[in-house]
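# mind looking at a prediction? Sequence and model below.
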Amino acid sequence: MRLRLAAMAALALSVSATGIRAEPHNPYLDGATVLGVDGLPAGRTVKDRLAEIRRRLQDAVIYPPISRKRGVEGVTQIRFSIGPNGHALEIETAASSGDPLLDRAAERSAVDAGQLPRVLGRLSVPIRFELESLR
């Protein structure tokens with residue numbers, strides 16, 4: 001069992017200005033930069049699952065009509081984990097867009113996205129609100 005676990009290539013999730021990404025797990029990294037370790041060695045890569053999560057959240061966003069009418073744009077960074085049933089848990093705003101309506105809509109997208117690909121640990125995902133992309 002130990003050899004099998006040691007042979008698995010673990011990946012750590014980290015956040016950058018451009019979003020979430022997967023990196024080879026480095027046990028010497030400062031714990032603040034490691035958000036989780038992949039527990040599913042087979043199947044789609046962590047990078048692919050993270051891209052799918054980001055796409056599903058962005059697709060689930062409903063732009064608040066009041067914010068759209070006022071021309072408000074921004075990026076809300078939301079933080080959550082994925083439960084055993086594949087749904088987002090403990091959803092919170094990690095970095096506000098500056099508009100509470102956009103922040104709530106971003107949090108709501110994690111619920112509305114439904115079942116997500118499984119990734120262990122807490123994820124931090126940017127949700128973009130751009131009026132130009134709606135035209």
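That came through, no problem. Numbers count the residues shown, from 1 in each chain.
# for the rest of this, base every contact and every neighbour count on C-alpha atoms.
OK.
# any chance you could map the strands in the chain?
11-16, 19-24, 74-82, 88-95, 122-129 (DSSP state E).
# weakest of these in terms of mean pLDDT?
Lowest mean pLDDT within these: strand 11-16, at a mean of 43.
# contacting residues for Thr92?
Check again: residue 92 is Glu, not Thr. 78-80, 107 (Cα atoms under 8 Å, 6 or more residues apart in numbering).
# closest to Pro65 out of those residues?
Using Cα to Cα, Glu107 comes nearest to Pro65 of the contacts of Glu92, at 16.2 Å.
# test my guess that that closest one contacts Ile78.
Yes: at 6.4 Å, Glu107 counts as touching Ile78 under the criterion of Cα atoms under 8 Å.
# give me the common contacts of these two.
91-93.
# thought Asp112 was touching Asp59?
No: using Cα under 8 Å, Asp112 makes no contact with Asp59, being 9.5 Å away.
# more neighbours: which of the two?
Higher neighbour count among Asp112 and Asp59: Asp112, with 18 against 13, using other Cα atoms under 10 Å.
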